[in-house]
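>>> Need the 3D shape of this:
(one chain, ligands or ions: 1)
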Amino acid sequence: MKNVAVIGYGVVGSGTVELFEKNRESISKKVGRDCDIKYIVDLRDFPDSPFADRMVKDFNTVLEDDEIEVVAEVIGGIEPAYTFTKKALEKGKSVVTSNKELVANKGAQLLDIAHKHNCNYLFEASVGGGIPIIRPLNKCLAGNSIEQISGILNGTTNFILTKMIREQMDFESALSLAQQLGYAEKDPTADIEGHDACRKICILGSLAYGKHIYPNQVHCSGISHIAAEDIAYAESAGYAIKLIGSVKPVGDGRVGDNEKVSAIVCPRLVSKRNMLSTVEGVYNAISVTGDGVGDVMFYGQGAGKLPTASAVVGDIIDCLKHKGRSVMISWEDNHDENYVVDHRTVETAMYVRINSEDAAALKSAISEMFGKLTYIERPNRPKNELAFITPTMTESEIDANLAILSHSADIMSRIRLL
Ligand code: HSE
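Numbers count the residues shown, from 1 in each chain. Model (predicted):
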């Protein structure tokens with residue numbers, strides 16, 4: 001049967017078609033019946049593609065064809081992806097996607113529509129590219145209360161940071177290479193400023209804690225302000241700088257009716273003793289702690305054509321195997337503005353780099369201000385520069401101290417520790 005349609009023939013779409021066709025026979029065996037891709041929907045022309053005879057421009061062709069059971073939406077962005085997805089689900093066609101922006105903003109609603117129409121909305125590829133994380137959280141770890149999730153969730157920024165650390169490549173050249181390799185989003189701001197990682201931590205947090213976390217509820221900062229000096233200080237103090245998304249319950253570790261979560265995306269100094277510090281290049285890693293299982297780590301290629309296609313095709317197979325049945329993945333919609341706590345109320349240690357003509361003289365005042373802090377060094381540190389790591393305290397306390405310090409020094413950098 002020609003029962004699958006792929007919407008969007010970009011990097012992930014072409015990878016999905018390539019992988020599906022390469023393994024079509026074994027996929028058909030796994031599903032238990034013959035399966036194939038009937039349509040590829042894209043407004044562009046691909047006359048040289050070996051699949052040119054399956055290309056159509058109008059999504060309604062897919063919608064009106066009863067033979068189509070599964071639609072792979074790999075166009076990205078909210079529209080027209082949302083409209084296409086909703087219409088397909090309302091027709092009882094399952095939808096699989098790599099579109100984290102759509103899942104993070106409309107996931108609760110689309111899952112609800114899928115259940116009402118006895119079909120599925122699956123999004124393994126939306127977090128961690130080829131890494132299995134959605135299904136393990138939803139199934140294998142379902143018996144746990146999840147105490148925390150934190151991870152490197154964006155391949156582009158990890159690739160850029162790795163090139164900056166290992167090859168002293170400048171930021172722009174590393175970004176341009178990531179774009180050439182097909183890792184970056186169409187607008188690389190989403191990668192660099194942490195929005196892509198933010199969408200992914202929202203999806204993981206929604207799944208783990210059962211209530212939708214919207215990206216605009218989560219404090220998010222990216223890597224564009226990370227300087228070579230910060231990388232050097234971190235290295236010499238035994239840390240790597242990584243863009244980390246994290247989510248955890250606040251309180252007794254169990255999310256109930258009155259519970260809240262802390263969720264944040266930001267660069268962090270990660271100790272070299274932590275496995276996350278060793279994750280390099282386009283690889284992603286996600287650490288999950290459950291009250292039964294303890295710590296588990298998921299690791300693999302977090303971006304790129306075939307790794308992401310691997311997750312999309314896995315979801316297509318799951319949908320084909322569960323035709324007419326919902327595989328139960330869901331969370332409540334949630335518009336409580338206080339569900340995600342203000343990040344300034346959360347405790348952290350902070351790396352701070354300052355510049356001041358009186359740097360040496362300021363040392364004792366800074367120590368008095370923060371209590372037991374650690375000064376750190378880098379090779380050829382200029383005399384007017386100081387870097388230190390604060391003790392663990394709330395961010396608002398750190399901010400208050402830095403506001404006082406800013407009268408006598410320029411605050412050049414502040415990066416949280418993991
Ligand atoms: N731009 C994303 C990344 C693609 O670099 O991780 C995979 O979601």
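
>>> Not counting the helix or strand containing residue 25 itself, show me its contacts.
Assigned by DSSP states H and E, residue 25 belongs to helix 24-31. For helix 24-31, the external contacting residues (Cβ atoms under 8 Å, 6 or more residues apart in numbering) are 20, 34-36, 313, 317, 320-321. Quick note: C-beta positions are derived from backbone N, CA and C, even for glycine.

>>> Identify, from the residues you listed, the entry nearest to the ligand.
residue 313 (15.9 Å; Cβ to the nearest ligand atom).

>>> In terms of secondary structure, what does the helix or strand where that closest one lies contact?
If you go by DSSP H and E, residue 313 is part of helix 305-321. Contact analysis of helix 305-321 by 3 or more Cβ pairs under 8 Å, 6 or more residues apart in numbering; DSSP states H and E lists strand 2-7, helix 11-22, helix 24-31, strand 70-73, strand 94-97, strand 121-122 as its packing neighbours.

>>> buried residues in that helix?
Applying a neighbour-count criterion of 16 or more other Cβ atoms under 10 Å, one finds 305-320 buried in helix 305-321.

>>> again, but for stretch 188-204
188, 190-204.

>>> Show me the strands in the stretch 201-350 of the chain, by range?
219-220, 239-250, 260-271, 283-290, 294-301, 347-348, 350-355 (DSSP state E, counting those that start in this stretch).

>>> For the ligand, find the nearest of those strands.
Sorting the strands of the stretch 201-350 of the chain by Cβ to the nearest ligand atom, the top spot, which is the nearest, belongs to strand 283-290 at 6.8 Å.

>>> can you give me the angle the helix or strand where residue 362 lies makes with strand 350-355?
Using DSSP H and E, the element containing residue 362 is helix 359-370. Between helix 359-370 and strand 350-355, the angle formed by their directions is 150 degrees, by axes from the mean of the first three to the mean of the last three Cα atoms, to 10 degrees.

>>> Counting by contacts, list what helix 359-370 packs against.
On a contact count with 3+ Cβ pairs under 8 Å, 6+ apart, helix 359-370 meets strand 385-389, helix 395-405.

>>> Check the residue in the stretch 301-418 of the chain positioned nearest to the ligand and give its pLDDT.
Scanning the stretch 301-418 of the chain for the residue nearest the ligand gives residue 303, at 3.7 Å (criterion: Cβ to the nearest ligand atom). On pLDDT, residue 303 comes in at 90.

>>> State the phi and psi torsions of the nearest residue to it once chain neighbours are set aside.
Distances taken as Cβ to Cβ, 6 or more residues apart in numbering place residue 155 nearest to residue 303, at 3.3 Å, with adjacent residues excluded. Main-chain dihedrals, residue 155, degrees, to the nearest 10: phi -70, psi -40.

>>> wouldn't residue 155 be in contact with residue 304 here?
Yes - the criterion here is Cβ atoms under 8 Å, and residue 155 meets it with residue 304 at 7.1 Å.

>>> Please identify which of those two sits among more neighbours.
Per other Cβ atoms under 10 Å, whichever of residue 155 and residue 304 has more neighbours is residue 155, with 27 against 19.

>>> so who does that one touch?
Here residue 155 is in contact with 129, 178, 183, 281-284, 301-304 (criterion: Cβ under 8 Å, 6+ apart).

>>> Go through those and give me the one with the most neighbours.
Going by other Cβ under 10 Å, residue 302 tops those with 31 neighbours.

>>> ok, now which ones touch that one?
Residues in contact with residue 302, defined by Cβ under 8 Å, 6+ apart, are 128-131, 152-155, 158, 282-284.

>>> one more time with 6 Å
128-129, 155, 284 (Cβ atoms under 6 Å, 6 or more residues apart in numbering).

>>> What residue spans form the domains of this structure?
Domain assignment for the chain by automatic domain parsing gives 2-129+306-321, 143-301, 344-417.

>>> I'd say residue 184 and residue 177 touch.
No - counting by Cβ atoms under 6 Å, residue 184 stays clear of residue 177, with 9.6 Å between them.

>>> These two: which is more packed in?
Comparing residue 184 with residue 177 by other Cβ under 10 Å, the one with more neighbours is residue 184, at 25 against 16.

>>> start to end distance for stretch 339-350?
25 Å (Cα to Cα, to the nearest Å).

>>> One more: stretch 383-393?
28 Å.

>>> quick one: contacts of it?
Contacts with stretch 383-393, where a contact means Cβ under 6 Å, 6+ apart, come from 233, 347, 349-355, 357, 359, 370-376, 398.

>>> sorry, back to before: let me know the closest of the contacts of residue 155 to residue 224.
residue 178 (13.6 Å; Cβ to Cβ).

>>> where does residue 125 land on pLDDT?
Reported pLDDT for residue 125: 98.
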